[in-house]
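1. Pasting a predicted model and its sequence here:
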Amino acid sequence: MFETVQNRKIKFALAGCGRIAANHFGALEALAADCELTAVCDPDPAALQQAVARTGAKGYASYARMLAETDADIIVLTTPSGLHPVQAVAALEAGFHVVSEKPMATRLHDGERMVKAADRAGRRLFVVKQNRLNATLQLLKRAIDEKRFGRISMVHLNVFWTRPQAYYDQAGWRGTWEFDGGALMNQASHYVDLAEWLIGPVQDVQAMTATHRDIETEDTAVMNIRWRNGALGSMAVTMCTYPKNLEGSITILGETGSVRIGGVAVNEIQQWQFADTRDYDEQIQTANYATTSVYGFGHTPYYQNVIDVMRGRAGPVTDGREGLKSLELLIAAYLSARDNKTVSLPLVY
């Protein structure tokens, strides 16, 4: 049994005060009645100063020092993805629970190392998959779970966003294999997660990648997928859309249902047709939301789930083992592209 936190606020400490950290700060501010941010860490003095000014938390330039001094219950990792494994293991072994941004690691064995460290320490490992909690996708997940599509035949996902060279030039780790991963692993990882979370386990993957920016990794990729349930599908990803983010979508076609959720970040239900009707079909329009951010608004409900887990009121939306599922699919796609062959799951290595 995991120990719960009762009769006080749950304390968080966050490492990595860059682009995505603002979403975490906002979520913690929205849930201030139940939690507090006590420490922030970043080696960049400007980023650290900005985070301290916003949150009022104690600032650290050293991650090791923060771990040694903080009284937090949970360490939040919004650092470059390649740093997550070593930082997570250090936090878990020091007795903290961990919330890791996506992807949990850039290598499958590193993700597995994180899960094993959490098991040994008897601590929680949460992996952020906030898109699952967007209202549009919650409705879609419910329809799939209720088998309203019948037998699903075809699934397609698009991620047509833009990341100009200036984005990659902001930091040396961006667009590197060691710390970032490419368009599939970084920007589109939530959509790779949807492929597994919504449709089910994947059987085979065929992928091709290309690089147009001055970076190590891919900025464009296509992937064909065969699921174990017999459905076929594909995914098209590019960070080279001009002049701004265009689309993040998923289309599902089944024998008794057709749905397309689009917009810039799966925020608009554009097609919703089923052979039957349900009471929640009336929620389609209210589930749509306007957004200028590809991150959506799922971080606050994600943190609410973390709080509920720590209070003993719920199970985790995505723990480490759940995070491994999309990481394995990502690695399979990269292996397929590298070796120009079909890769079958589960991976054997």
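-> Looks like it came in fine.

2. Bridged to the residue nearest to Ala15 when sequence neighbours are not counted, which residues?
-> Once flanking residues are discounted, Ala15 sits nearest to Cys41: 4.3 Å by Cβ to Cβ, 6 or more residues apart in numbering. Where you see a C-beta, it was placed from the backbone N, CA and C, and this is true even at glycine. Listed beta-bridge partners, Cys41: Ala15, Tyr60 (assigned using DSSP bridges).

3. Please pull out the lowest mean pLDDT helix or strand from this protein.
-> Using mean pLDDT, DSSP states H and E, helix 284-287 stands out as the lowest-scoring helix or strand of the chain, at a mean of 91.

4. Could you identify the helix or strand that succeeds that one?
-> For helix 284-287, the following helix or strand on the C-terminal side (DSSP states H and E) is helix 299-311.

5. What residues sit buried inside that next one?
-> By neighbour count on 16 or more other Cβ atoms under 10 Å, the buried set for helix 299-311 is 299-307, 309-310.

6. in stretch 198-211, what's buried?
-> Going by neighbour count (16+ other Cβ under 10 Å), the buried part of stretch 198-211 is 198-199, 202-207, 209, 211.

7. Can I get that stretch in CSV? Just the C-alpha atoms.
-> Provided in CSV are the C-alpha atoms of stretch 198-211 (Å, rounded to 0.1, in the frame of the first residue of the first chain):
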residue,chain,number,x,y,z
LEU,A,198,-8.0,4.7,-27.6
ILE,A,199,-7.6,1.9,-30.1
GLY,A,200,-5.7,-0.7,-28.1
PRO,A,201,-2.4,-2.6,-28.4
VAL,A,202,-0.4,-2.2,-31.6
GLN,A,203,0.7,-5.3,-33.6
ASP,A,204,2.9,-3.9,-36.4
VAL,A,205,4.5,-0.5,-37.3
GLN,A,206,6.0,0.8,-40.5
ALA,A,207,7.5,4.3,-40.4
MET,A,208,9.6,6.7,-42.4
THR,A,209,11.2,9.9,-41.2
ALA,A,210,12.8,13.0,-42.7
THR,A,211,14.8,16.0,-41.5
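
8. is it true that Thr209 touches Asp339?
-> No: counting by Cβ atoms under 8 Å, Thr209 does not reach Asp339; the two are 11.9 Å apart.

9. Okay, now the sheet partners of the helix or strand harbouring Val155, with direction.
-> If you go by DSSP H and E, Val155 is part of strand 152-160. Here strand 152-160 is paired, per DSSP bridges, with strand 232-238 (parallel), strand 247-254 (antiparallel).

10. For those, give me JSON lines that also has mean pLDDT, distance to Gly18 and mean neighbour count.
-> JSON lines is the format used below for the strands paired with strand 152-160 (pLDDT from 0 to 100; distance: least, Cβ to Cβ, whole Å; neighbours: other Cβ atoms under 10 Å):
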{"stretch": "strand 232-238", "mean pLDDT": "98", "distance to Gly18": "22", "mean neighbour count": "20"}
{"stretch": "strand 247-254", "mean pLDDT": "98", "distance to Gly18": "21", "mean neighbour count": "21"}
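
11. Make CSV out of those strands and add distance to Asp71.
-> Formatted as CSV, the strands paired with strand 152-160 follow (distance: least, Cβ to Cβ, whole Å):
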stretch, distance to Asp71
strand 232-238, 41
strand 247-254, 39
